[in-house]
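Trainee: Build me a structure from this.
(one chain, ligands or ions: 1)
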Amino acid sequence: MQPLIVPSVLSADFSRLGEACVELERAGADRLQWDVMDGHYVPNLTFGPEVIASCRDLVSCEFEAQLMCDRPEELLPRYAEAGCDWIIVHPETLRQPHRTYQHIRELGCRVGVGLSPATPVMVLEHVLDLVDMVLVMTVSPGFGGQEYLVSMEPKIARVRAMIDRSGHEIDIEVDGGINPSTITGAAHAGANVFVSGSSIAAADDQAAAIKELRRLAATAG
Ligand code: DX5
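Mentor: Here you go, the predicted structure:
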């Protein structure tokens with residue numbers, strides 16, 4: 001599988017979000033990640049559905065919304081309507097995970113299951129038939145610019161082994177501290193989709209930064 005690079009909008013200049021989305025797509029982003037935070041599940045507040053909707057028609061690439069919120073079930077239709085192609089939820093925030101994943105599919109979106117660092121991979125058992133992507137967080141969710149947790153690499157490998165045994169086509173996305181010096185370890189462990197915020201945002205040439213991340217992931221072996 002060709003590695004995908006998914007810039008996080010969390011690191012963009014919020015005073016010019018629309019232009020930032022256009023620039024990231026032009027720079028070669030495979031899709032864009034919106035980190036949705038409610039100040040409860042994580043200690044930060046970010047994007048409502050209207051913010052995402054306001055940028056939807058500026059670009060044609062896919063949007064994924066990572067709902068780091070309490071009771072995300074109540075928000076699913078609004079983020080689907082806002083134009084998100086993928087919706088990622090964290091099992092700890094769900095009353096009925098199986099039903100929630102079904103609901104995301106019924107809304108026409110792809111299902112992502114987000115695993116915070118301490119969340120065990122066993123939460124994936126019994127639901128892999130409903131999952132399109134497993135997001136292994138390589139930081140504790142809430143903020144960009146954090147240090148990559150190399151201790152998550154064995155977890156990535158376990159998820160990869162679980163998916164391979166299941167026979168389902170499921171991506172493994174990693175998110176948190178992904179940059180040229182950490183992406184190789186995550187790719188080698190089994191990830192094939194890479195979210196990167198501050199590393200790409202800090203680059204003078206975002207297209208070159210995205211290209212280099214993709215090259216490093218593809219040659220990780
Ligand atoms: C944490 C966020 C960040 C963001 C990427 O909740 O999910 O991981 O997307 O930020 P960087 O690449 O700066 O760690």
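
Trainee: For the protein, which segments are assigned as strands?
Mentor: 4-7, 31-37, 62-68, 86-89, 110-115, 133-137, 171-175, 193-196 (DSSP state E).

Trainee: Output these as CSV; include the columns mean pLDDT and mean neighbour count.
Mentor: Quick note: C-beta positions are derived from backbone N, CA and C, even for glycine. Formatted as CSV, these follow (pLDDT from 0 to 100; neighbours: other C-beta atoms under 10 Å):
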stretch, mean pLDDT, mean neighbour count
strand 4-7, 98, 24
strand 31-37, 98, 24
strand 62-68, 98, 25
strand 86-89, 98, 26
strand 110-115, 98, 22
strand 133-137, 98, 25
strand 171-175, 98, 25
strand 193-196, 98, 27
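
Trainee: Quick one: closest of these to Thr100.
Mentor: strand 86-89 (6.2 Å; C-beta to C-beta).

Trainee: quick one: that closest one near the ligand?
Mentor: No: Strand 86-89 lies apart from the ligand when judged by C-beta under 6 Å from any ligand atom; the minimum separation is 9.5 Å.

Trainee: by contact count, what packs against that strand?
Mentor: Counting contacts by 3 or more C-beta pairs under 8 Å, 6 or more residues apart in numbering; DSSP states H and E, strand 86-89 packs against strand 62-68, helix 76-81, helix 97-106, strand 110-115, strand 133-137.

Trainee: In the chain, where is pLDDT below threshold?
Mentor: For the chain, no stretch has pLDDT under 70.
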